[in-house]
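[1] I'll drop the sequence and a predicted model, then ask my questions.
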Amino acid sequence: SEPTFGDYVDGALLQALNEEIIEITIWVAFGQSNIEIMEAMLENFKITYPNITINIMNKGSYVDLYSNYKMSVIQNNAPTIVFGHQEQIMNYQQEGLVISLDPYIYDNNVGLDLDSYINVFINSNRQTGTFYSLPFARTTDYVVYNKTLFDSIGVTFTENQPLTWDDLEMMYYQLNAANDLPCEYFVSVDSMFNFYHNTLYQKSLHYLNNEHLWTKNNANLYSWLESYNQYPMLSFPQQYGQSYGSTDFLNGNICFHQGSTAGARYNEPLLYSYYDKFDVGVLPVIQVDANKPVQLTYGVDFAIDKQASSLEQLAAYMVMKALISEEANILFATEANYLLMHKETYHHEIFIEKYDLMLPHYQAIFDMAYAMQSSFTFDQVYFAEGSYRNYRETITKFLDYYFVQSYDLETARESAIGDIEYE
């Protein structure tokens, strides 16, 4: 059952929060532009707490950040707040490196209004029944297409209505038969890892459960991978020598490009002088069954290091609380193309003002996210005995071996596991 609110934070600590000089260090995997947005998100906090200094530091990729944080714990120089993917944070929790946030979240004085958040976003951080992290930002995959191109051949799509793989297969064959196929790559999906998980959840084959689907000769897992590998219209950027599909989409080589909303700026032709200009259309992530849509949300969480002092931990929580406030979330979501995390934010005056100034492409993303809220879900993290053992990297290698390098499924699986174990 959910904890009840009470007076959990010591009164002396609350007083010291306003009086003592405190330094908070935050380790992130964001680039400079997103760090600058975070600084802006904390402006009001710094006015309220001029005694608290906040240092935000980039530590490379999330893989780099993960290993750097583990090393910092050993060396007793860990940051106060560490960012990470959900499964990374859960690993920190399992190893006892980060603290429970419940005493702060359910405190009468500094607690969090959990009901203000969209349920799927806040629930993803209490899968064990206890909060060890909070959601800093959430994103989802979406489909972007060249609306000008499809309008020219008389093909239109219903706004916010997801297409299925069967829809796309039928469309591909019809256009191909009429010699009207407008792009070299009909469907290109940026992230094989996200594609894998979205499809598993749409098929109700949650990728890891007590039976541990990631096992040798799993018939359900292998059968649908084989079926997707036979789709002539599906491709991944790695198959044509790219890391992402955005450049080929802007060049007109891709009809439907599925990628993260956080990368939307790379799919907008108006932002680049050297691409032809065209209208962009937006659709939800491609579905197995349009009548039962499922759309995974992903994102970045943050947690508080156990080595920090009691006062630093309280201050760190207050920083986190400020960063996920409604106004702060509006700023990050609208500037960095992430999702709104509060229930009422779509009607917030500040958001409406920003929405009215957005490019139509970005407006369409927020419209899609609002329409698809009831279909959003989160990745239900489960760890086998090895806990977080490079799972993300293993699956990505497996899919690369299978889809890109054309290994058979079992050889792809064994090679991916072997690579990770060797590393």
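    Thanks, I have the structure now. Numbers count the residues shown, from 1 in each chain.
[2] Flag the shaky bits of the stretch 301-423 of the chain, pLDDT-wise.
    Within the stretch 301-423 of the chain, the ranges that satisfy pLDDT under 70 run 381-390, 420-423.
[3] any idea how far the residue of the chain most remote from its centre is from Tyr172?
    Within the chain, the residue lying farthest from the chain centre (Cα atoms, centre = their mean) is Ala178, at 38.5 Å. Using Cβ to Cβ, to the nearest Å, Ala178 is found at 11 Å from Tyr172. For glycine as for every other residue, the C-beta is placed from the backbone atoms N, C-alpha and C.
[4] Overlap in contacts, the two.
    Common contacts of Ala178 and Tyr172 (Cβ atoms under 8 Å, 6 or more residues apart in numbering): none found.
[5] on contacts alone, who are the packing partners of the one helix or strand Val144 maps to?
    Using DSSP states H and E, Val144 sits in strand 134-146. Packing partners of strand 134-146 (3 or more Cβ pairs under 8 Å, 6 or more residues apart in numbering; DSSP states H and E): helix 119-123, strand 254-260, strand 280-283, strand 295-304, helix 310-323, helix 326-336, helix 360-371.
[6] Would you check how far apart the closest residue to Cys255 other than its chain neighbours and Phe256 are?
    Using Cβ to Cβ, 6 or more residues apart in numbering and skipping residues adjacent in sequence, the residue nearest Cys255 is Cys183, 4.0 Å away. Note on Cys183: its distance to Phe256, by Cβ to Cβ, is 8 Å.
[7] same question, Asp166
    Noted for Asp166: a distance of 14 Å to Phe256, by Cβ to Cβ.
[8] again with Leu340
    Leu340 is 25 Å from Phe256, by Cβ to Cβ.
[9] Who has more neighbours out of these two?
    Neighbour comparison, Leu340 and Phe256: the larger count goes to Phe256, with 27 against 23 (by other Cβ atoms under 10 Å).
[10] if I look at the more buried one, how far off is Phe157?
    The value you get for Phe256 to Phe157, if Cβ to Cβ is used, is 10 Å.
[11] List the residues that are in contact with both of these two.
    Residues touching both Phe256 and Phe157 (Cβ under 8 Å, 6+ apart) are 145, 163, 283.
[12] Show the backbone phi and psi for Val288.
    Backbone torsions for Val288, taken as degrees, to the nearest 10, come to phi -80, psi -40.
[13] Begin at 438, not 1, for the rest of this chat.
    Sure thing, new numbering starts at 438, so read that last one as Val725.
[14] List the residues that contact the closest residue to it other than its chain neighbours.
    Closest residue in space to Val725, ignoring its immediate chain neighbours: Gln639 at 4.1 Å, by Cβ to Cβ, 6+ apart. Shown in contact with Gln639 (Cβ under 8 Å, 6+ apart): 724-726, 729-731.
[15] can you check Leu796 too?
    Counting by Cβ under 8 Å, 6+ apart, Leu796 has contacts 705, 707.
[16] Go again with 10 Å.
    701-702, 705, 707-708, 717, 802 (Cβ atoms under 10 Å, 6 or more residues apart in numbering).
[17] try Glu473
    467, 493, 772.
[18] and which of those is nearest Ala453?
    Closest approach to Ala453 among the contacts of Glu473 (Cβ to Cβ): Ile493, at 23.1 Å.
[19] Give me the phi and psi angles of that closest one.
    Here is the backbone geometry of Ile493 (degrees, to the nearest 10): phi -100, psi 120.
[20] looking at it, Ala801 is touching Asn774, isn't it?
    No. Assessed by Cβ atoms under 10 Å, Ala801 is found out of contact with Asn774, at 11.6 Å.
[21] which neighbours do these two share?
    579, 701, 795.
[22] Count residues in the vicinity of the first one, would you?
    Tyr579 has 26 neighbouring residues, counting by other Cβ under 10 Å.
[23] Can you tell me how far Phe558 is from Ala806?
    Phe558 is 11 Å from Ala806, by Cβ to Cβ.
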